[in-house]
Every structure is written in structure tokens, then in C-alpha cells.
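A.B. asks: Let me see the structure of the following:
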Amino acid sequence: MAQENGMNLFEAAYDCLMEADLSEKVARLQRLQIDWSEGRFAFEPTETIEKVHDAGRPDKPLLVSPKDLPKRRLGSREGHAALMHSIAHIEFNAVNLALDAIYRFQDMPYEYYRDWLGVAGEEAYHFQIVREHLAHLGYAYGDFTAHNGLWVSTYETDHDPLVRMAMVPRTLEARGLDVTPPMMRKLRSMGDKRGVEILKILLRDEIGHVEVGTRWYRYLCEQRGLNPFTTFTDLIGEYFHGDLRGPFNFEARKEAGFSDEELDWLRQVDAQAAQQPVPNGG
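C.D. replies: As a prediction, this is how the structure comes out:
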């Protein structure tokens with residue numbers, strides 16, 4: 001660390017987190033990564049840690065409740081673009097999520113910040129390539145409405161890094177491992193080869209991101225003398241909104257560090273859900 005430069009990692013991460021302009025946010029993140037690689041940061045905790053009700057984002061897309069998102073037929077050009085837009089929105093939120101994981105929890109080991117800065121960079125790359133593909137389809141990020149569910153969960157878990165690691169990367173982001181293969185099949189059936197290639201990249205990298213969350217979740221459980229499995233299931237019961245339903249991508253989740261005990265539990269959840277009636281509109 002080059003203390004004499006007076007650069008504070010947590011302040012730099014917060015500035016990037018709160019930047020609303022897309023191009024400037026990406027530029028700030030790139031500078032942050034360069035400064036990190038050159039060892040310019042000090043790791044002094046900030047005097048206060050701000051609660052972030054919402055991170056920096058452009059005026060569009062308009063955020064609505066998930067139930068108010070319009071249903072679009074995937075086979076249409078608009079439906080195709082809306083799917084890619086929803087993926088771009090997830091990736092944009094994931095950039096903010098990774099930056100918040102750095103800023104908010106200021107007493108973690110050096111490797112924790114290295115890992116989450118790496119995740120932020122990969123999520124920004126994902127956002128850029130999905131955004132480019134969206135432009136190829138004739139649309140821009142912000143042309144459709146979106147919801148803010150991922151950030152809401154980030155805000156609700158800002159009090160404890162263990163809860164954050166359990167609920168965001170290991171639960172919400174892990175859902176991406178489950179839903180990406182079916183989306184790839186849909187895009188393949190539409191002849192969208194580039195879209196399939198992009199989702200392959202996202203799936204590969206997201207396995208690594210969930211693994212980062214798993215690794216630090218287990219680290220924190222060990223530090224506190226907690227059982228990782230029972231703590232995880234208890235936290236889902238307390239913090240997860242809605243029904244946890246399959247199908248689950250067990251192979252990808254295993255690659256991402258889920259234990260056999262956790263996978264067996266998810267199989268039981270899936271089997272129980274299959275016996276329940278599907279909600280209206282589900």
C-alpha cells in the first residue's frame with residue numbers, strides 16, 4: 001500500500017458506487033483497478049459508512065414492481081430485446097453490488113477486496129457486451145422498464161457481511177446459474193448465436209462469482225463458530241422473499257462451492273415445490 005498517496009480504497013469504491021453516468025462509472029472502475037494493481041490504496045476505515053438506499057444509476061430504466069413488468073413474447077423482436085435488457089440490468093446492478101461489498105464491510109482481509117474488485121470488473125465487462133448486443137438488436141439500456149429487487153436485497157443485508165454473502169451471491173446471484181441454461185436454449189432456438197455466446201461467458205464467470213461469495217461466507221462462519229449449512233438455511237428462512245423453487249443447476253452450484261449437504265437440501269426443496277400447485281401466472 002502506498003500510504004503517501006492518500007488514496008483510500010473505501011472512498012474510491014464509494015465514489016464509483018454512487019456515480020450515475022454509465023460511461024463515467026466504467027471509467028472510475030477502470031481507474032480503481034489500475035490504482036489497485038499499482039498498490040496505491042490505503043485501507044483505513046472511513047469515519048462513517050453510509051447507508052445506500054440506492055446506488056448511482058442513470059435516470060432510465062424506469063424502475064417498477066416486478067409484478068408490473070409487462071409480459072412480452074420472446075419470439076418477437078421486442079421480446080428478444082427485453083430479455084437482453086433484463087440481463088443487462090442484472091449485470092449493471094451486480095457492478096454496484098460488488099462495489100458496495102468493498103465499501104460497506106471495511107474490516108475484511110486484503111484478499112476479500114481483491115476478490116470483489118475482480119468481480120466488479122467482470123460484471124462491468126458483462127454489462128458492456130450485453131449492452132452492445134442490445135444495440136445490435138436496435139435498443140439501448142433504459143428502453144424498457146426494470147425492477148430493483150437485487151439492490152433491495154443488497155440494502156437489506158448491509159448490516160452484516162455474513163448475511164450479505166449468504167443472501168446475495170449465494171442465493172440471488174446463484175439463481176443466474178439456474179436460469180441461464182434455459183435462456184441459452186431459447187436464444188439458440190431463435191438463431192441468436194451471439195446471445196448464446198454471451199450467456200456462456202456470463203455463466204462461466206458467474207460460477208466464479210458465486211464461489212467468491214461462498215468462500216467468504218464460509219470464512220465468516222468459521223470466524224464466528226457457526227455451522228455453515230444450518231446458518232444458510234436459517235438465513236434463507238429469515239431474509240428470502242418469495243418461494244425458493246427449482247429447477248436448480250446442481251452441477252454449476254457444486255462448481256461454485258455448494259456443499260453436498262446444501263445440494264441435497266435444495267433437491268428436497270425442489271421435490272417439495274413440485275408437489276405444490278403453481279401460483280397463478282407462474
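A.B. asks: so what's the closest residue in space to residue 224 that isn't next to it in sequence up against?
C.D. replies: Closest residue to residue 224 apart from its sequence neighbours, by CB to CB, 6 or more residues apart in numbering: residue 162 at 7.1 Å. Every residue, glycine included, has its C-beta placed from N, CA and C. The contact partners of residue 162, taken as CB atoms under 8 Å, 6 or more residues apart in numbering, are 217, 220-221, 224, 226, 231.
A.B. asks: And residue 162, how close does it get to residue 243?
C.D. replies: Distance, residue 162 to residue 243, by CB to CB, to the nearest Å: 24 Å.
A.B. asks: List the buried residues in the longest helix seen in the chain.
C.D. replies: Of all segments of type helix in the chain, defined using DSSP state H, the longest is helix 193-224. Residues 195-196, 198-199, 202-203, 205-207, 209-221 are the ones in helix 193-224 that count as buried (16 or more other CB atoms under 10 Å).
A.B. asks: what's the answer for stretch 137-153, then?
C.D. replies: For stretch 137-153, by 16+ other CB under 10 Å, it's 137, 139, 141-142, 144-151, 153.
A.B. asks: will you turn those into JSON lines that also has secondary structure, distance to residue 19 and pLDDT?
C.D. replies: Output for the buried residues of stretch 137-153, formatted as JSON lines (DSSP: H, G, I helix; E, B strand; the rest coil; distance: CB to CB, whole Å; pLDDT from 0 to 100):
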{"residue": "137", "secondary structure": "coil", "distance to residue 19": "27", "pLDDT": "95"}
{"residue": "139", "secondary structure": "coil", "distance to residue 19": "23", "pLDDT": "97"}
{"residue": "141", "secondary structure": "coil", "distance to residue 19": "15", "pLDDT": "96"}
{"residue": "142", "secondary structure": "coil", "distance to residue 19": "16", "pLDDT": "96"}
{"residue": "144", "secondary structure": "coil", "distance to residue 19": "22", "pLDDT": "95"}
{"residue": "145", "secondary structure": "coil", "distance to residue 19": "22", "pLDDT": "93"}
{"residue": "146", "secondary structure": "strand", "distance to residue 19": "19", "pLDDT": "92"}
{"residue": "147", "secondary structure": "coil", "distance to residue 19": "22", "pLDDT": "87"}
{"residue": "148", "secondary structure": "coil", "distance to residue 19": "18", "pLDDT": "82"}
{"residue": "149", "secondary structure": "helix", "distance to residue 19": "22", "pLDDT": "79"}
{"residue": "150", "secondary structure": "helix", "distance to residue 19": "18", "pLDDT": "78"}
{"residue": "151", "secondary structure": "helix", "distance to residue 19": "15", "pLDDT": "83"}
{"residue": "153", "secondary structure": "helix", "distance to residue 19": "21", "pLDDT": "85"}
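A.B. asks: Mind listing what's buried along stretch 69-79?
C.D. replies: Judged by neighbour count using 16+ other CB under 10 Å, the buried positions of stretch 69-79 are residue 78.
A.B. asks: Now it: average pLDDT?
C.D. replies: Mean pLDDT, stretch 69-79: 81.
A.B. asks: Which strands or helices does the helix or strand hosting residue 181 pack on?
C.D. replies: Using DSSP states H and E, residue 181 sits in helix 174-189. Helix 174-189 is packed against helix 77-104, helix 193-224, helix 250-255, with contacts defined by 3 or more CB pairs under 8 Å, 6 or more residues apart in numbering; DSSP states H and E.
A.B. asks: Next, format the ones you listed as JSON lines and append distance to residue 129.
C.D. replies: Shown next, in JSON lines, are the helices and strands packed on helix 174-189 (distance: least, CB to CB, whole Å):
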{"stretch": "helix 77-104", "distance to residue 129": "9"}
{"stretch": "helix 193-224", "distance to residue 129": "6"}
{"stretch": "helix 250-255", "distance to residue 129": "20"}
